[in-house]
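*Asks:* how would this look folded up:
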Amino acid sequence: MATLVLQTVGSLVGGIAGPIGATLGRFAGGLGGALVDAALQPHASPRYSFGPRLKSMDGISSTEGAAVARVYGRARIGGQMIWATRFLEQASVSVDGGGGGRGKGGGGSTPTINVTYSYYANFAIGLCDGPIAFVRRMFADGNEVDMTTLPIRIYTGDEDQHPDPLIVAKEGAENAPAYRGLAYIVFEQLPLAAFGNRIPQFTFEVVKPVEGVASMIRAVDIIPGASEAGYQPSLQLNFFSPGETRAENRHQLTAATDWTASLDALQA
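*Replies:* Next comes the predicted model:
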């Protein structure tokens with residue numbers, strides 16, 4: 001603004017001396033105005049940029065009175081949402097520009113404050129009639145996901161299981177059911193960015209042993225396949241090239257290693 005004003009004033013004052021004076025006056029006024037703008041710029045109001053923000057969120061359907069599934073052996077099921085809170089919104093702020101120049105005699109640029117939003121969900125999904133042995137695999141929108149990276153707690157549906165601590169914290173101890181006899185899974189602050197800021201359609205591969213079969217088992221294959229590091233309890237990585245690794249003893253997405261997954265399945 002100061003540049004435009006001083007350019008006009010300089011042109012009028014210099015015009016007294018003729019066209020050449022007007023040109024020189026406009027140039028001098030513009031130079032002075034630029035210096036004034038540069039000095040005042042660091043104190044200018046910042047610009048704000050806001051990312052997309054949700055008002056509502058689609059999720060897994062829940063039908064009142066829906067039948068509880070019964071599983072024998074191994075089956076892939078969807079489940080019903082049995083509890084949820086309002087989605088959680090987290091704002092992140094970053095600043096672009098606005099620095100540099102003042103210490104060197106120049107002005108800084110107008111800062112831009114960027115506000116972006118991340119979303120998380122707390123919910124519980126009822127699976128089937130318990131007790132189950134374990135959840136072998138999990139799928140989100142049809143794609144298998146790594147269960148070790150998800151903030152989940154699995155309840156097998158025993159008659160003595162306790163209420164989930166998150167549900168207790170949100171609803172109060174007197175209003176938090178234990179869902180005894182129902183196998184269910186609780187998600188605590190599940191990041192939704194990878195799923196398009198919505199709760200994906202989950203399906204689960206559930207294992208429930210049939211009564212009487214366990215007593216007939218004579219041997220157990222403790223690992224899913226022969227491997228040099230198959231009995232290694234910690235993760236063993238093979239370095240093929242700089243920045244490229246491959247796990248030698250992890251061929252599933254249930255536990256950190258095949259050994260851990262096999263022992264968990266055996267104990268279940």
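*Asks:* pretty sure Ala140 is touching Ile199, no?
*Replies:* No - contact status for Ala140 versus Ile199: not in contact, 9.2 Å apart, counting by Cβ atoms under 8 Å. C-beta coordinates here come from the backbone N, C-alpha and C atoms, glycine included.
*Asks:* between the two, which one's more packed in?
*Replies:* Taking other Cβ atoms under 10 Å, Ala140 and Ile199 do not tie; Ile199 has more neighbours (22 against 16).
*Asks:* what helix or strand is the nearest residue to Ser62 once chain neighbours are set aside on?
*Replies:* Nearest residue to Ser62 in three dimensions, chain neighbours excluded: Met81, at 4.2 Å (Cβ to Cβ, 6 or more residues apart in numbering). Met81 is part of strand 80-84, with elements assigned from DSSP states H and E.
*Asks:* strands of the protein, residue ranges please.
*Replies:* Counting by DSSP state E, the chain has strands at residues 47-50, 73-77, 80-84, 88-96, 112-129, 134-140, 143-144, 152-155, 182-191, 202-208, 237-241, 244-247.
*Asks:* any idea which of these scores lowest on pLDDT?
*Replies:* Mean pLDDT values for these show the minimum at strand 237-241, a mean of 71.
*Asks:* before we move on, the earlier item: who does the residue nearest to Ser62 form a beta bridge with?
*Replies:* In this entry, Met81 is beta-bridged to Ile125, by DSSP bridges.
*Asks:* state the distance from it to Gly65.
*Replies:* For Met81, the distance to Gly65 (Cβ to Cβ, to the nearest Å) stands at 14 Å.
*Asks:* between those two, which one's more packed in?
*Replies:* More crowded of Met81 and Gly65, by other Cβ under 10 Å: Met81, with 17 against 4.
*Asks:* right, and that one touches Asn122 too?
*Replies:* No - using Cβ under 8 Å, Met81 is not in contact with Asn122, being 11.3 Å away.
*Asks:* about what we covered before: nearest to Ala173, out of the strands of the chain?
*Replies:* strand 80-84 (14.9 Å; Cβ to Cβ).
*Asks:* dead centre of this protein: give me the residue that sits there.
*Replies:* By Cα atoms, centre = their mean, the chain has its centre lying nearest to Pro191, at 2.6 Å.
*Asks:* quick one: it from Met57, how far?
*Replies:* In this view, Pro191 and Met57 are 13 Å apart by Cβ to Cβ.
*Asks:* touching both of the two, which residues are there?
*Replies:* The contact sets of Pro191 and Met57 overlap at Tyr119 (Cβ atoms under 8 Å, 6 or more residues apart in numbering).
*Asks:* tabulate the strands of the chain (JSON lines), appending distance to Asp264.
*Replies:* Converted to JSON lines, those look like this (distance: least, Cβ to Cβ, whole Å):
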{"stretch": "strand 47-50", "distance to Asp264": "45"}
{"stretch": "strand 73-77", "distance to Asp264": "15"}
{"stretch": "strand 80-84", "distance to Asp264": "25"}
{"stretch": "strand 88-96", "distance to Asp264": "30"}
{"stretch": "strand 112-129", "distance to Asp264": "17"}
{"stretch": "strand 134-140", "distance to Asp264": "6"}
{"stretch": "strand 143-144", "distance to Asp264": "17"}
{"stretch": "strand 152-155", "distance to Asp264": "11"}
{"stretch": "strand 182-191", "distance to Asp264": "16"}
{"stretch": "strand 202-208", "distance to Asp264": "11"}
{"stretch": "strand 237-241", "distance to Asp264": "21"}
{"stretch": "strand 244-247", "distance to Asp264": "17"}
